[in-house]
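Trainee: sharing a model that was predicted from the sequence below.
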Amino acid sequence: MSLNLRILQLYNRVPYPSRDGGVKAVLHMRQVFEDLGCEVRGFVLNPSRNRIDPSSLPDSMRGDYLTEIVDLDSGIKLVGALAVLNAPLPYHLLRFRSSEVTRILRQTIESYRPDLVLLEGLPMALYQETLRRFHCKVWYRSHNIESDIIRQKAASLSLWNPLRLWMYGEYRKMQAFERQTVQSVDVVLAISPHDLDQLRAMAPERKESMLELGYWPSMVSTTEPHTKPKPPAWNGERPLKLGFIGTMDWLPNQDAVQLLLNEWIPATEGWPNRPEFHVAGRKAPAIFAQESPAYFFHGEVEDADTFMSSCDAMVFPLRMGSGLKIKVLEAMALGVPVISTAQGVQGMGLTSGENYLHAENANQFAQVLKDLRQSPNKLYVLAENALQRFRNHDAYSQQIMALKGLVLQSPSDDHKANPSKV
């Protein structure tokens, strides 16, 4: 049965280009609802730190989908952070609150009259009060456990760093707002099983209105030849080409590259046929662009799939973050083997040695590479095992059926936006 519902999708940035995990998650969610027969429109902010020229958007974005693109000054300012030091909300979120956004959002809801408003990420939950005045159903799609990321950053700072105390204050505020959001919305969608458990712990009485809805990338066809250029099968006679890719203004990715540069790459120094490390991503700190022996920085690449397919394996030395590491899934769906920390594959249900190779530190990483030198064919086996997970669509189908059930239970004519009630 096709659902005939109007959905307004709120996001704190323009979902273009489709190169990082957050944007891909938003577009994936749009496609899921459209496949269920819903009409989806987007109301998005255009923050100064990630500003996109609206005229550069493709036709599939403009027109009926992006009903509103609202410019917002989201720059991080010391004066601004100090001014809200005693505010109940974290500065990380307050940068996305604006009276102008509130005004335009009200107008959009009055004209579109959505059955359901989907908050993509925690910043847009700042506008819940405005939405509730229209008596419309409000769903929250969690991309990460945001308070976890703040806590991890605070814990990584030196005891003598003046930012440490401020970051822990931000963590407590973020945690409180995250819990409040989970308790107040009608439905919560988590991107991974791990995140779902954490969200349910915030509001155990609401667990029946929470659902895991992951991200499922397009995979290599089992019948058509793989079109992305791949290196010749590695047999140990040439340097192993290892890759990492991610948006470099995201803290967990920055930490991962620093770990590569400072510990994991030096662990291979002096090896014959020393492995090559290729790193790509936009908005990188200048230090990442300084190439060194065995390290090559590519900056922003046009096609992430082509970059990953050109590598013998992808390395994800992630120590921070939550949610789902979409680049890990996409590498596996391309048939590219993965070497990762437990954090990098969190929530994916993978088995070390079967679907990926596990390493938490430089010594373990070096041992993984030494084992591969002894058994180069292991990379092929890993790639095949990873692809096999994507050939089974039962989990995805079950999630979609559960989502459809929540949609049918949640919105009704009684909850459509009604300006007369404002």
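Mentor: Thanks, I have it.
Trainee: contacts, neighbours, all on C-alpha from now
Mentor: OK.
Trainee: residue 356: what's it in contact with?
Mentor: 337, 338, 339, 340, 350, 382, 386 (CA atoms under 8 Å, 6 or more residues apart in numbering).
Trainee: what's the strand or helix carrying residue 139 in contact with?
Mentor: When elements are assigned from DSSP states H and E, residue 139 belongs to strand 137-142. Applying CA under 8 Å, 6+ apart, the external contacts of strand 137-142 come out as 115-122, 125, 128, 131, 181-182, 185-191, 323, 410-411, 415-416.
Trainee: quick one: distance of stretch 84-103 to the chain centre.
Mentor: Using CA atoms, centre = their mean, to the nearest Å, the distance from the centre of stretch 84-103 to the centre of the chain it belongs to is 22 Å.
Trainee: list the buried residues in that stretch.
Mentor: Neighbour counts over stretch 84-103 (16 or more other CA atoms under 10 Å) mark 89, 90, 91, 92, 93, 94, 95, 96, 97, 101, 102 as buried.
Trainee: which residues does the third one contact?
Mentor: Counting by CA under 8 Å, 6+ apart, residue 91 touches 81, 84, 85, 170.
Trainee: go again with 10 Å.
Mentor: The contact partners of residue 91, by CA atoms under 10 Å, 6 or more residues apart in numbering, come to 76, 77, 80, 81, 82, 83, 84, 85, 170, 173, 174.
Trainee: ok, it to residue 318 distance?
Mentor: From residue 91 over to residue 318 the distance is 25 Å, taken as CA to CA, to the nearest Å.
Trainee: can I get the lengthiest helix in the chain in PDB, CA atoms only?
Mentor: Across the chain, the longest stretch assigned as helix under DSSP state H is helix 163-184. Extracted in PDB, the C-alpha atoms of helix 163-184 (Å, rounded to 0.1, in the frame of the first residue of the first chain):
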ATOM      1  CA  LEU A 163      38.900  24.300  26.800                       C
ATOM      2  CA  ARG A 164      38.500  21.000  28.700                       C
ATOM      3  CA  LEU A 165      36.300  22.400  31.400                       C
ATOM      4  CA  TRP A 166      34.200  24.300  28.800                       C
ATOM      5  CA  MET A 167      33.800  21.100  26.700                       C
ATOM      6  CA  TYR A 168      32.600  19.100  29.600                       C
ATOM      7  CA  GLY A 169      30.000  21.800  30.300                       C
ATOM      8  CA  GLU A 170      28.900  21.500  26.700                       C
ATOM      9  CA  TYR A 171      28.700  17.800  27.000                       C
ATOM     10  CA  ARG A 172      26.300  18.000  30.000                       C
ATOM     11  CA  LYS A 173      24.100  20.500  28.200                       C
ATOM     12  CA  MET A 174      24.100  18.500  25.000                       C
ATOM     13  CA  GLN A 175      23.200  15.300  26.900                       C
ATOM     14  CA  ALA A 176      20.300  17.000  28.600                       C
ATOM     15  CA  PHE A 177      18.900  18.500  25.400                       C
ATOM     16  CA  GLU A 178      19.400  15.200  23.600                       C
ATOM     17  CA  ARG A 179      17.500  13.300  26.300                       C
ATOM     18  CA  GLN A 180      14.700  16.000  26.200                       C
ATOM     19  CA  THR A 181      14.400  15.700  22.400                       C
ATOM     20  CA  VAL A 182      14.200  11.900  22.500                       C
ATOM     21  CA  GLN A 183      11.500  12.100  25.200                       C
ATOM     22  CA  SER A 184       9.400  14.700  23.500                       C
END
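Trainee: run the chain-centre distance for that helix.
Mentor: From the chain centre to the centre of helix 163-184 is a distance of 19 Å (CA atoms, centre = their mean).
Trainee: now stretch 124-137
Mentor: On CA atoms, centre = their mean, the centre of stretch 124-137 falls 24 Å from the chain's centre.
Trainee: thinking again about what came up before, buried subset of the contacts of residue 91?
Mentor: Judged by 16+ other CA under 10 Å, buried ones among the contacts of residue 91: 81, 170, 173, 174.
Trainee: now the last one: closest residue in space, sequence neighbours ignored.
Mentor: By that I understand residue 174. The shortest distance from residue 174 to any non-neighbouring residue, by CA to CA, 6 or more residues apart in numbering, is to residue 147 (5.2 Å).
Trainee: count the neighbours of residue 198 for me.
Mentor: 13 (other CA atoms under 10 Å).
Trainee: now do the phi/psi pair for the nearest residue to it once chain neighbours are set aside.
Mentor: Spatially, and ignoring its direct neighbours in sequence, residue 198 is nearest to residue 145 (7.8 Å; CA to CA, 6+ apart). In terms of degrees, to the nearest 10, the main-chain angles of residue 145 are phi -80, psi 100.
Trainee: still on that earlier bit, ok, so of the contacts of residue 91, who is nearest residue 286?
Mentor: Nearest to residue 286 among the contacts of residue 91: residue 76, at 19.2 Å, using CA to CA.
Trainee: so what's the closest one up against?
Mentor: 49, 91, 92, 95.
Trainee: in those, find the pair that's most separated.
Mentor: Across the contacts of residue 76, the two members that end up farthest from each other (CA to CA) are 49 and 91, 15.1 Å apart.
Trainee: so residue 262 versus residue 386, what's the distance?
Mentor: 29 Å.
Trainee: host element of residue 243?
Mentor: strand 241-245.
Trainee: so how far is that strand from its chain's centroid?
Mentor: Mean C-alpha position of strand 241-245 versus that of the full chain (CA atoms, centre = their mean) differs by 19 Å.
Trainee: by contact count, what packs against it?
Mentor: Here strand 241-245 touches helix 251-259, strand 276-280, strand 295-299, helix 304-309, strand 313-316, helix 326-333, strand 338-340, going by 3 or more CA pairs under 10 Å, 6 or more residues apart in numbering; DSSP states H and E.
Trainee: which pLDDT value goes with the residue nearest to residue 198?
Mentor: We have a pLDDT of 93 for residue 145.
Trainee: and for residue 238?
Mentor: As predicted, residue 238 sits at a pLDDT of 91.
Trainee: do you know how far it is from residue 381?
Mentor: For residue 238, the distance to residue 381 - CA to CA - is 19 Å.
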